[in-house]
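**Q** fold the following.
(chains A and B)
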2 protein chains.
Amino acid sequence: MVISKPDIKVIGFDADDTLWMNEEHYRETEDSFVAMMEPWLTERETRKHLFAVEMENLGLYGYGAKGFTLSMISAANSISNGQASSSLISEIIELGKTLIDAPMDLLPGVSDVLETLHGDYRMIVATKGDLLDQERKLKKSNLEDYFHHVEIMSDKNPESYRKLVRHLDIKPEEFLMIGNSLKSDVVPVLDIGADAIHIPAQSTWAHEHVDDTSRIQPYLTLDGFGDLIEVFYKQSS
Amino acid sequence: MVISKPDIKVIGFDADDTLWMNEEHYRETEDSFVAMMEPWLTERETRKHLFAVEMENLGLYGYGAKGFTLSMISAANSISNGQASSSLISEIIELGKTLIDAPMDLLPGVSDVLETLHGDYRMIVATKGDLLDQERKLKKSNLEDYFHHVEIMSDKNPESYRKLVRHLDIKPEEFLMIGNSLKSDVVPVLDIGADAIHIPAQSTWAHEHVDDTSRIQPYLTLDGFGDLIEVFYKQSS
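**A** Now for the predicted structure:
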C-alpha cells in the first residue's frame, strides 16, 4: 500500500457522531423531557421551546450536557408556568447525569481505520463540547492511544481552525479534518485552505444544519468510516 | 537586565485567582444561595451541604460555573425537602449566569509582568474549568495576545502535566508553572521534575487545600504577581 495523502501531517477527527454515537443519546434524553412536559405542552411545542432556550443559552453555556441540562430546567420552569415540582427538576438533573455517563457505542469501522492510520499520520481529536466529557468518552472508547491529544474548541469557525493549525505548527494544507457536520467540520476547514472529508451521521442536531450547500467548495463525502482506508492508501503495483 | 531562567522555554500560568479574581465571585454567589436557603437551614449547614454536593458531582461535572449551578439546584432541592419553588430554581439559574459573566478584575501587577516577559518566554494559560468560560475571561482581560494558547486540563495531576509537557514538545525541566494553588499548580508540577512558583491568593476554595505541606519539595512563594520580575531578570552590571 502507498500513502495517497503524503502532504497531510495531522488528521483531526471530530468525536461525537464521527467516532461514536452521541446525538441519539441527546434525542433519547429529549424524548424523556418531552414526556415530562406532557401535562403542559404538546410534543412539538416542547421541542420547539427547548431548542429556543438552548439557542438563547448557547453563547453563555456553550456545547455539552451540562448546558443542555440547565436549558431543560429553564424550559421546564417556563413551560409549566412555574408549576414544575422539585422532584421533576431532580428527575431532569438525573436525565442529565445519565446523558453525561451514556454508554459508549463506537461507529462501525472506527477501530480498524484508526489502527491502520496511526502509524502513518499524527492524529488528534478536535471537538466542541466539554473537555471532561470528551476525555471520559475517549477513555471509554479505548481509542486513546491512537491520538496525540484532544483539542477542545469553543467553536468550530475558520478563526478557531486557524488557531488550531498555528498551534500544531503546520500549514493549513497539511491539515485534514474528518467529521459528520458540514457546518462545523467541513465548511470552516475548507475556508482556511485545509482539507476536509464529510462522513454524514444518521441524525444531526438542528443547530448543525447548513441551509445552502451550493457555495461550498468541493469536498469528499463517504458513506461510512470504513471507506477512509481507500482514501488514504492505494494498492502499490 | 539578564534573563535568570534561560532553561525555561514555556511558562504556564494558572488563570483563576492567579491572573484574575475568581474565588471571590464564587463566594458572592454562594452567599446569595445561602440567603435563599435561610427558611430551611442555617448558613453553616447550607455551606457544608453545598460543598458535599459539589464534591459528589465533581467526577461527573468537573470544574466550572455550570457544574456549580447544577450542584446549587440539587442542594436547594434536598435542603428544602422538595419545597424549593420554581421561581427559586430560576433565581439560582440566574445566579449561575451572573457568575459565568462576572466582571473581570485583573490581579495587581499582572499586565506589567506579562508585557515584560512575553518577548523572552513562550507563555500559555494552563487551567481547569470550562474552555468557553476561560476564553471569555481571557478576551475580557485583554491579555490574549501575550499567550500562545489556552490549555484546558480536566484535572491538574502529575499525569496531566506530563501530557501537557509532551504536547508542548519540551522537557519537564524546561517548563515552569505559576499559580495560586499548591495542590494544583505546585505539587504535581514539582512531581514531574518541572519548576513551579506559588503566588497565594486571598481566598482559596476548600477543595484546593493541601493538608500536609511538610513533604513538598522546595518551591518559591511570592507575595504578589509583581515580584515575578525579580525572579526572571537580574540587573546586568
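
**Q** a strand runs through A:Met123, doesn't it?
**A** Yes. Per DSSP: H, G, I helix; E, B strand; the rest coil, A:Met123 lies within a strand segment.

**Q** who does it bridge with?
**A** A:Ile11 (DSSP bridges).

**Q** residue contacts, it?
**A** The contact partners of A:Met123, by Cβ atoms under 8 Å, 6 or more residues apart in numbering or on different chains, come to A:Val10, A:Ile11, A:Gly12, A:Phe13, A:Leu114, A:Leu117, A:Tyr146, A:Phe147, A:His148. From N, CA and C alone the C-beta is placed, and that goes for glycine too.

**Q** go on, A:Gly59?
**A** With the criterion set at Cβ under 8 Å, 6+ apart, A:Gly59 makes contact with nothing.

**Q** extract the CA atoms of whichever strand or helix holds it and return them as CSV.
**A** Applying DSSP states H and E as the criterion places A:Gly59 in helix A:43-61. Extracted in CSV, the C-alpha atoms of helix A:43-61 (Å, rounded to 0.1, in the frame of the first residue of the first chain):
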residue,chain,number,x,y,z
GLU,A,43,-44.5,17.3,22.0
ARG,A,44,-44.0,19.6,19.0
GLU,A,45,-44.2,22.8,21.0
THR,A,46,-42.0,21.4,23.8
ARG,A,47,-39.2,20.5,21.3
LYS,A,48,-39.5,24.0,19.7
HIS,A,49,-39.4,25.7,23.1
LEU,A,50,-36.4,23.7,24.3
PHE,A,51,-34.5,24.4,21.1
ALA,A,52,-35.2,28.1,21.5
VAL,A,53,-33.9,28.1,25.1
GLU,A,54,-30.8,26.1,24.0
MET,A,55,-30.0,28.7,21.3
GLU,A,56,-30.6,31.6,23.7
ASN,A,57,-28.1,30.0,26.2
LEU,A,58,-25.5,28.8,23.7
GLY,A,59,-23.4,31.9,23.9
LEU,A,60,-23.2,31.7,27.7
TYR,A,61,-23.2,27.9,28.2
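
**Q** is whichever helix or strand comes after that helix anywhere near chain B?
**A** With elements assigned by DSSP H and E, the helix or strand that comes after helix A:43-61 is helix A:65-79. Yes. Against chain B, helix A:65-79 shows contacts by Cβ under 8 Å from any Cβ of the partner chain at A:Lys66, A:Gly67, A:Thr69, A:Leu70, A:Ile73, A:Ser74, A:Asn77.

**Q** may I see the buried residues of the helix holding A:Gly59?
**A** A:Thr46, A:Arg47, A:His49, A:Leu50, A:Phe51, A:Val53, A:Glu54, A:Asn57, A:Leu60, A:Tyr61 (16 or more other Cβ atoms under 10 Å in any protein chain shown).

**Q** starting at the chain centroid, how far to that helix?
**A** 18 Å (Cα atoms, centre = their mean, to the nearest Å).

**Q** also stretch A:94-108?
**A** From the chain centre to the centre of stretch A:94-108 is a distance of 13 Å (Cα atoms, centre = their mean).

**Q** measure that stretch end to end?
**A** 30 Å (Cα to Cα, to the nearest Å).

**Q** what does it contact?
**A** Contacts for stretch A:94-108 (Cβ under 8 Å, 6+ apart): A:17-22, A:25-26, A:29, A:32-33, A:65-66, A:68-69, A:72, A:133, A:136-137, A:140-141, A:143, A:224-226, B:60-61, B:70.

**Q** among the residues you listed, which are located in helices?
**A** A:25-26, A:29, A:32-33, A:65-66, A:68-69, A:72, A:133, A:136-137, A:140-141, B:60-61, B:70 (DSSP state H).

**Q** now list the buried members of these.
**A** A:25-26, A:29, A:32-33, A:65-66, A:68-69, A:72, A:133, A:136-137, A:140-141, B:60-61, B:70.

**Q** dump the residue contacts of the closest residue to A:His149 other than its chain neighbours.
**A** Distances taken as Cβ to Cβ, 6 or more residues apart in numbering or on different chains put B:His167 closest to A:His149, at 5.2 Å, once the chain neighbours are dropped. B:His167 makes contacts with A:His148, A:His149, B:Glu151, as judged by Cβ under 8 Å, 6+ apart.

**Q** which stretches of chain A have low pLDDT?
**A** The model of chain A has pLDDT under 70 over residues A:1, A:203-206, A:208-215, A:235-237.

**Q** residues in contact with A:Asn142?
**A** By Cβ under 8 Å, 6+ apart, the neighbours of A:Asn142 are A:Ser111.

**Q** quick one: it from B:Glu159, how far?
**A** Applying Cβ to Cβ, to the nearest Å, the value for A:Asn142 to B:Glu159 is 18 Å.

**Q** ok, which of the buried residues of helix A:43-61 also contact chain B?
**A** Restricting these to those near chain B - Cβ under 8 Å from any Cβ - leaves A:Leu60, A:Tyr61.

**Q** dump the buried residues of helix A:43-61 into TSV; add distance to A:Pro218 as well.
**A** Putting those into TSV (distance: Cβ to Cβ, whole Å) gives the following:
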residue	distance to A:Pro218
A:Thr46	40
A:Arg47	35
A:His49	39
A:Leu50	36
A:Phe51	32
A:Val53	37
A:Glu54	32
A:Asn57	36
A:Leu60	37
A:Tyr61	35
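
**Q** contact partners for the spatially most central residue of chain A?
**A** With distances taken as Cα atoms, centre = their mean, A:Asp16 lies nearest the centre of chain A, 3.6 Å away. Each residue near A:Asp16 by Cβ under 8 Å, 6+ apart is listed here: A:Asn22, A:Glu23, A:Thr127, A:Gly129.
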